[in-house]
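Novice: Have a look at this prediction, sequence included:
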Amino acid sequence: MAAGTTHSGKIHLLVHGPRKPIVEKGFSDQFVLHSFETTGDLERLTPEVAEKVRGIAITYNTVRGDARTLARFPKLEIVSSFGVGYDHVDAAYARDHNIMVTNTPDVLTEEVADIAMGLLIATLREFVKADKYLRAGLWHNGQYPLSAGSLRDRTVGMVGMGRIGQAIARRLEASKVPVVYHTRNPIKELPNKHYPDLTEMAKAVDTLVVIVPGGPGTAKMINAEVMKALGPRGVIINVARGTVVDEQAMIQALKSGTILAAGLDVFEREPNVPDELKAMQNVVLLPHIGSASVVTRNAMDQLVVDNLKTWFAGKPPLTPVMETPAKAR
Ligand code: NAP
Ligand code: 8YV
């Protein structure tokens, strides 16, 4: 018998979310794949199939691995989720029910850091407005106005200094921008100043780059008080999760001049973006494209597959989340 199979035969996997060629083609005939693209589609799942499923691949964060969903699978051993953020999976429920959860860290770190750096410069130096100015033929009437924002006279406060936060900080430091950071735990290997209090850091800097996980622990942590502390030169770049910033408070702060500008890759209720934000000239808005290149998304898809294959080969998965640390089956 091949490693990882049982006497009752093949390993049944649920593929939940958009179809991905790397996932669909990634498994040998030792596996049986059941594909359901949306949460609505999952309602067609029969109890006979649910009873057999031992692994789930979540292929995008538009579908959820909440407790209700996971509870439908009595033999579930592992949830292999796409994306480094896994706020769409109930990892505490999984831990309590002996279900392994994996995510896709590292393979997207540099890509997301590139987007954060690009978004920061585009916001400060008004790339989108300047592009529209040129296309409208306005250059013939005169030079584009000087930008109020610049990277040259700024200090960046990183909100989150993990894998991606440190990759962004490296880019900023290469650009000669001073960097400080706020996390719950200081990192002793880092020379940068650590602020245990976010508002105190906001008072000391003029730019926040937000790259913490989503979920209840970080919900609306960038609130009206933090924005007031950041001040009228203040710029917020959010590449984390929309839930981390109080979106309504940010709209008010941008309107009133409490802060200068924002660059946003993520929103509270994606893909819905408030009309008020879309109407503003001092924001740059991206449709959650932090990791969205072919090369990086392929690497993420492959890691979703490899975590499942490694587990069912009887080995610890490659990238378990911290709630369900590595162990073999
Ligand atoms: P990571 O290595 O786990 O880093 C997370 C950082 O956040 C750590 O420095 C952590 O430090 C800090 N943190 C966690 N909870 C905090 C809290 N309550 N208050 C302050 N700091 C807190 O994760 P990563 O790989 O850098 O990814 C970070 C997040 O980026 C992901 O979870 C995801 O939501 C987001 N992301 C977005 C995109 C995109 O497309 N826009 C792409 C990839 C990732 P402490 O534990 O010491 O607090
Ligand atoms: C994904 C992300 O695009 O990895 C993350 O946490 O936000 C993005 O890379 C997103 O999770 C879609 O599933």
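Specialist: Nice, I can see it. Residues are numbered from 1 along each chain as shown. Ligands and ions are numbered 1, 2, ... in the order given.
Novice: which regions of the stretch 1-150 of the chain lie under the pLDDT threshold?
Specialist: 1-8 (pLDDT under 70).
Novice: and it, which residues reach ligand 2?
Specialist: By C-beta under 6 Å from any ligand atom, the residues of the stretch 1-150 of the chain that approach ligand 2 are 60, 61, 82, 83, 84, 85, 108. To be clear about C-beta, it is placed using only N, CA and C from the backbone, and glycine gets the same treatment.
Novice: and if we set it to 8 Å?
Specialist: Listed as neighbours of ligand 2 in the stretch 1-150 of the chain under the rule C-beta under 8 Å from any ligand atom: 17, 59-62, 81-86, 88, 103-104, 108, 112.
Novice: Can you tell me which of those residues are buried?
Specialist: 17, 59, 61, 81-86, 88, 103-104, 108, 112 (16 or more other C-beta atoms under 10 Å).
Novice: quick revisit: out of the residues of the stretch 1-150 of the chain next to ligand 2, who's nearest residue 39?
Specialist: residue 62 (8.2 Å; C-beta to C-beta).
Novice: nearest residue to the closest one other than its sequence neighbours?
Specialist: Nearest non-adjacent residue to residue 62, counting by C-beta to C-beta, 6 or more residues apart in numbering: residue 17, 6.6 Å away.
Novice: so how far is residue 36 from that neighbour?
Specialist: For residue 17, the distance to residue 36 (C-beta to C-beta, to the nearest Å) stands at 8 Å.
Novice: Now do the helices in the stretch 151-300 of the chain.
Specialist: 163-174, 198-204, 224-230, 247-256, 275-278, 294-312 (DSSP state H, counting those that start in this stretch).
Novice: May I have the residues that are in contact with the residue lying closest to residue 228 once chain neighbours are set aside?
Specialist: Take residue 228 and drop its neighbours on the chain: the residue closest to it by C-beta to C-beta, 6+ apart is residue 258, 6.0 Å away. Residue 258 makes contacts with 227, 228, 231, 232, 234, 252, as judged by C-beta atoms under 8 Å, 6 or more residues apart in numbering.
Novice: among those residues, which two are most distant?
Specialist: Based on C-beta to C-beta, the longest span within these runs between 231 and 252 and measures 15.0 Å.
Novice: what are the ranges of the strands in this protein?
Specialist: Using DSSP state E, the strands of the chain run over 11-16, 31-36, 53-58, 78-81, 100-102, 156-159, 179-182, 207-210, 235-238, 261-264, 283-285.
Novice: restrict the buried ones among the residues of the stretch 1-150 of the chain next to ligand 2 to those near ligand 1?
Specialist: 83, 84, 85, 86, 108, 112.
Novice: any idea how far the first one lies from residue 25?
Specialist: For residue 83, the distance to residue 25 equals 20 Å [C-beta to C-beta].
Novice: surely residue 182 meets residue 192?
Specialist: No - Residue 182 is not in contact with residue 192 according to C-beta atoms under 8 Å; the separation is 10.6 Å.
Novice: residues shared between the contacts of those two?
Specialist: Contacts common to residue 182 and residue 192, judged by C-beta under 8 Å, 6+ apart, are 158, 161.
Novice: The two: which has the busier surroundings?
Specialist: residue 182 (27 against 18; other C-beta atoms under 10 Å).
Novice: How about the contacts made by residue 324?
Specialist: 91, 94, 95, 99, 100, 101.
Novice: separation between it and residue 69?
Specialist: For residue 324 relative to residue 69 (C-beta to C-beta), the value is 16 Å.
Novice: Go ahead and confirm residue 51 touches residue 75.
Specialist: Yes - with contacts counted by C-beta under 8 Å, residue 51 reaches residue 75, the gap being 6.9 Å.
Novice: just to revisit the earlier point, how about the helices of the stretch 151-300 of the chain, which one is nearest residue 135?
Specialist: helix 275-278 (18.3 Å).
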